[in-house]
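[1] Output the structure for:
(one chain, ligands or ions: 1)
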Amino acid sequence: MKLRFTKMHGLGNDFVVIDATRAPVELTPERVAAIADRHFGVGCDQLLVVEPASTPGVDFRYRIFNADGGEVEQCGNGARCFVRFVHDKQLTGKREIRVETRSGIIEPRLRDDGLVTVDMGVPVLKPADVPFVSDSDAVVQPLEVGGDTVAITAVSMGNPHAVQVVADVDTAPVAAQGALIERHARFPARVNAGFMQVVDARHIRLRVFERGAGETLACGTGACAAVVAGILRGLLESPVRVDTRGGTLEIAWAGEGSPVLMTGPAVTVFDGELELA
Ligand SMILES: N[C@H](CCC[C@H](N)C(=O)O)C(=O)O
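    Take a look at the predicted model:
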């Protein structure tokens, strides 16, 4: 079965995007992992599927699958690529779109300068809702990881994040420690592990070991979670410039109960067609 797709990226976090607005696409975890494989498939961090909305007043639904095949709740860089995709493919004439995801409705807006701003919704801080197993709701909590104790902030942007502050992201143990945090028993749905270096109150550097994908060049929800954690810890002031290995995002947050606004690029690389076994 032939399947048309578009390869896109948001600051090097790359996606295979599939238009399923006219006909459903049957994707199993095995099929997703095969498409995401960088040697035997197309290669991507996540696969995005665009579907018709099932809620009145909403324009589309978009589903997110990690490279390991698992379906997840939210993807920030993916949301920006999604809105560029539906606009460039003329699936809509709107520049501001309401789209439903597994974790609720988000509102990406394609700006005249080509950047995309997304209202990523209100961050969730209650441990049980992240989910994070803890008998405390303190902003910073100790986590035993491979013989070390790290100070993390657990935040959900619809998807779970564990953010820690490090002196230098270039020397932080992202691969080794990130893999341990991702599967830590206190995160029953696993977790995206963020490593944030505070340059100043309006500027951080960030690396993220993503759940189901490993370290990516950028993580949009990870950038949102890191800024929320930094503001709650009194280290940052909104808006914050977030430098990732793939480039820069701007994140704004007015405090608890407010939505997080993320602004950054979305790039189409090529259209293709693959054989689906
Ligand atoms: N790995 C994430 C999903 C993709 C998030 C990331 N690519 C972004 O831009 O937010 C998770 O399992 O929650």
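
[2] All the strands of the stretch 51-200 of the chain, residue numbers only.
    With DSSP state E, counting those that start in this stretch applied, the stretch 51-200 of the chain shows strands at 60-66, 71-72, 99-101, 104-110, 116-119, 141-145, 148-156, 160-165, 192-200, listed in chain order.

[3] So what's the residue count around the nearest residue to V99 once chain neighbours are set aside?
    Distance criterion Cβ to Cβ, 6 or more residues apart in numbering; nearest residue to V99, sequence neighbours excluded, is F60 at 4.8 Å. (Glycine included, C-beta is placed from N, CA and C.) Each residue near F60 was counted by other Cβ atoms under 10 Å, and the total is 20.

[4] so who does F60 touch?
    Listed by Cβ atoms under 8 Å, 6 or more residues apart in numbering, the contact set of F60 reads 21, 50-53, 82, 86, 91-92, 97, 99-100.

[5] Next, work out how far apart the spatially most central residue of the chain and V150 are.
    With distances taken as Cα atoms, centre = their mean, C75 lies nearest the centre of the chain, 3.3 Å away. From C75 over to V150 the distance is 25 Å, taken as Cβ to Cβ, to the nearest Å.

[6] how about the nearest residue to D148, chain neighbours excluded?
    With Cβ to Cβ, 6+ apart as the measure, Q177 is the residue that lies nearest to D148, at 7.5 Å, once sequence neighbours are left out.

[7] scratch that, P142
    Nearest residue to P142 in three dimensions, chain neighbours excluded: T149, at 5.0 Å (Cβ to Cβ, 6+ apart).

[8] what's the pLDDT at the one you found?
    T149 carries a pLDDT value of 97.

[9] ok, it touching V140?
    No. Assessed by Cβ atoms under 8 Å, T149 is found out of contact with V140, at 11.7 Å.

[10] name the element the closest residue to T244 other than its chain neighbours belongs to?
    The shortest distance from T244 to any residue other than its chain neighbours is 3.8 Å, reached at A218 (Cβ to Cβ, 6+ apart). Of the helices and strands defined by DSSP states H and E, none includes A218.

[11] burial count for A218?
    The burial count assigned to A218 is 29, neighbours taken as other Cβ under 10 Å.

[12] And A254, by the same measure?
    By other Cβ under 10 Å, the burial measure for A254, its neighbour count, is 12.

[13] Now do it against K89, distance only.
    Going from A254 to K89 by Cβ to Cβ gives 34 Å.

[14] before we move on, what about G272?
    14 Å.

[15] For those two, indicate the residue with more neighbours.
    When G272 and K89 are compared on other Cβ under 10 Å, the one with more neighbours turns out to be K89, at 15 against 12.

[16] which of T149 and V140 has more neighbours?
    With other Cβ under 10 Å as the criterion, T149 and V140 differ in neighbour count, and V140 comes out ahead with 15 against 9.

[17] Please name the nearest non-neighbouring residue to the more buried one.
    The spatially closest residue to V140, leaving aside those adjacent along the chain, is A151, at 5.0 Å (Cβ to Cβ, 6+ apart).

[18] got the contact list for that neighbour?
    Remark: with contacts taken as Cβ under 8 Å, 6+ apart, A151 is in contact with 140-143, 164-165.

[19] from those residues, which would you call buried?
    Buried members of these, scored by 16 or more other Cβ atoms under 10 Å, are 141, 143, 164-165.

[20] Run a quick neighbour tally on the nearest residue to R84 once chain neighbours are set aside.
    Nearest residue to R84, sequence neighbours excluded (Cβ to Cβ, 6+ apart): A266, at 4.1 Å. Summarising burial for A266: neighbours were counted as other Cβ under 10 Å, giving 26.

[21] distance of A266 from E51?
    Taken as Cβ to Cβ, the spacing of A266 relative to E51 amounts to 19 Å.

[22] now do Q74
    Noted for Q74: a distance of 16 Å to E51, by Cβ to Cβ.
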